[in-house]
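Visitor: Let me see the structure of the following:
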Amino acid sequence: MHIVVIGGTGHIGTYLVPGLVRRGHQVTVLSRGERAPYQRDGAWTQAKLVQVDRAAEEADGTFGRRVAELAPDVVIDLICFTPDSARQLVDAISGQVEHLLHCGTIWVHGASATVPTREDAPRAPFGDYGIQKAAIERYLLGQSRRGGVPATVIHPGHISGPGWTPVNPAGNLDVGVYRTLSRGDELVLPNLGLETVQHVHAVDVAGVFLAALEGRSAAVGESFHAVAEGAMTLRGYAEAVAAWFGQDARLGFLPFEQWKAGVSERDAEITYDHIAHSPHCSMDKAARMLGFRPRYTALDAALEGLSRLDIAGVEETRSDDDDPRLFQR
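Guide: Numbering: from 1, shown residues only. Next up, the predicted model:
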């Protein structure tokens with residue numbers, strides 16, 4: 001099959017594109033930049049890369065037509081953030097493709113109520129990112145169930161792996177948190193450190209997309225989580241990272257309103273997003289319907305990303321194709 005991957009040189013595409021190539025598919029990657037994927041893989045030589053400015057082409061109404069003119073059998077959209085963007089693509093490829101796979105986010109759930117949260121839990125998103133993604137999900141699955149474009153939505157957690165900074169035990173992207181733990185210095189966490197984060201290795205997110213593609217009959221009209229099994233509390237995560245550095249964690253705790261005074265405004269905002277959501281999502285549906293189980297635990301996914309960082313000097317890293325909102329999943 002000819003598969004078009006939109007935004008395919010970032011976290012997920014680094015593993016997804018080679019996986020598609022190895023399965024014998026013809027792959028075209030639409031990417032805003034010409035940067036290399038995070039990991040080297042000879043399979044990339046068999047994929048066609050096309051440089052595209054999606055925002056500019058959507059503004060003049062040509063992006064959907066560009067995708068349709070490639071005559072894909074399947075479209076995998078990793079960087080769609082608004083319902084209008086989704087509609088423009090669907091309008092152009094309707095009646096042409098066998099399957100549209102969209103990258104959502106576990107943020108569509110809002111704060112976890114019953115855990116682990118299942119895909120059929122009532123939606124109560126907050127914040128622009130989660131609200132927009134939930135609206136896209138409603139639109140795409142509604143299209144699919146009404147006989148429109150056959151669609152599947154995959155909802156990743158906090159994507160981690162080599163090449164970028166994983167969400168840290170304070171719930172943000174400050175590499176200094178890891179430095180503090182590596183030295184055995186005291187790390188102050190918000191509240192009691194009992195809120196949760198749920199990492200997932202990018203290779204496992206790619207794995208859910210591949211499983212949904214291969215299990216099309218079960219996947220069409222459905223959404224699936226892409227997370228590691230189980231979530232980590234901030235304090236449990238901090239203790240595990242300190243132990244990984246050969247240290248005992250020295251932790252302090254402050255109410256969030258006091259804690260945020262000691263960090264940057266941006267770090268405080270990102271932390272609040274994570275602790276307000278405190279995700280703990282289930283992978284049972286993907287196992288039951290797609291036969292997929294993640295290879296990495298949440299901790300192992302985060303530690304693999306951490307193992308590739310030079311924590312003495314590195315700042316956060318990101319791909320050309322990764323919108324900053326992806327780091328808040």
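Visitor: neighbours of the closest residue to residue 270 other than its chain neighbours, just the number please.
Guide: Nearest in space to residue 270, with sequence neighbours left out and distances taken as CB to CB, 6 or more residues apart in numbering, is residue 172 at 4.3 Å. (Glycine included, C-beta is placed from N, CA and C.) Using other CB atoms under 10 Å, residue 172 has 24 neighbouring residues.
Visitor: quick one: low-confidence parts of the stretch 1-150 of the chain?
Guide: Along the stretch 1-150 of the chain, segments meeting pLDDT under 70 span 34-36.
Visitor: what about the helices in it?
Guide: 11-22, 54-59, 63-69, 83-93, 128-145 (DSSP state H, counting those that start in this stretch).
Visitor: Contacts only, for residue 96.
Guide: Contacts for residue 96 were tallied using CB atoms under 8 Å, 6 or more residues apart in numbering; they are 68, 71, 72.
Visitor: In contact with the second one, which residues?
Guide: Spelled out, it's residue 71. Residue 71 touches 2, 96, counting by CB under 8 Å, 6+ apart.
Visitor: quick one: contacts for the nearest residue to residue 115 once chain neighbours are set aside?
Guide: Using CB to CB, 6+ apart and skipping the chain neighbours, the partner closest in space to residue 115 is residue 280 (4.0 Å). Contacts for residue 280 (CB under 8 Å, 6+ apart) come out as 112, 115, 116, 117, 196, 198, 230, 231.
Visitor: Same question for residue 229.
Guide: Residue 229 sits in contact with 283, 293, 294, 297, 298, where contact means CB under 8 Å, 6+ apart.
Visitor: Distance check, the spatially closest residue to the last one that is not a sequence neighbour against residue 187.
Guide: In other words, residue 298. Ranked by CB to CB, 6+ apart and with sequence neighbours excluded, the top spatial neighbour of residue 298 is residue 228, at 3.9 Å. Distance from residue 228 to residue 187, counting by CB to CB, to the nearest Å: 22 Å.
Visitor: Excluding chain neighbours, what is closest to residue 289?
Guide: Per CB to CB, 6+ apart, closest to residue 289 is residue 218, 4.6 Å.
Visitor: I should have written residue 284 there, sorry.
Guide: Leaving aside its chain neighbours, residue 284 sits nearest to residue 118 (7.1 Å; criterion: CB to CB, 6+ apart).
Visitor: mind checking the end-to-end distance for stretch 145-160?
Guide: End-to-end distance of stretch 145-160 (CA to CA, to the nearest Å): 32 Å.
Visitor: Next: stretch 270-284.
Guide: Stretch 270-284: ends 28 Å apart by CA to CA.
Visitor: For it, buried residues please.
Guide: 270-275, 277-283 (16 or more other CB atoms under 10 Å).
Visitor: Over to stretch 286-302?
Guide: 286, 289, 290, 292, 294, 296, 297, 298, 299, 301, 302.
Visitor: show me the contacts for the fifth one.
Guide: Applying CB under 8 Å, 6+ apart, we find residue 294 in contact with 200, 201, 204, 207, 226, 227, 228, 229, 283.
Visitor: I'd like the distance from the residue nearest to residue 115 to residue 112, if you could.
Guide: 5 Å.
Visitor: part of a helix, is the residue nearest to residue 289?
Guide: Yes: the assignment for residue 218 (DSSP: H, G, I helix; E, B strand; the rest coil) places it in a helix.
Visitor: where does it sit relative to residue 207, distance-wise?
Guide: Taking CB to CB, one finds residue 218 at 15 Å from residue 207.
Visitor: who's more crowded, the two?
Guide: residue 207 (23 against 17).
Visitor: which SSE is the more buried one in?
Guide: Element membership of residue 207, judged by DSSP states H and E, is helix 202-214.
Visitor: Now for residue 280 and residue 112: what residues contact both?
Guide: residue 196.
Visitor: low-scoring stretches of the stretch 151-300 of the chain, by residue?
Guide: For the stretch 151-300 of the chain, no range has pLDDT under 70.
Visitor: Next one: residue 215 relative to residue 113, how far apart?
Guide: Using CB to CB, one obtains 29 Å as the distance from residue 215 to residue 113.
Visitor: higher neighbour count, those two?
Guide: residue 215 (18 against 10).
Visitor: For the more buried one, give me its contacts.
Guide: Applying CB under 8 Å, 6+ apart, the residues near residue 215 are 289, 290, 291.
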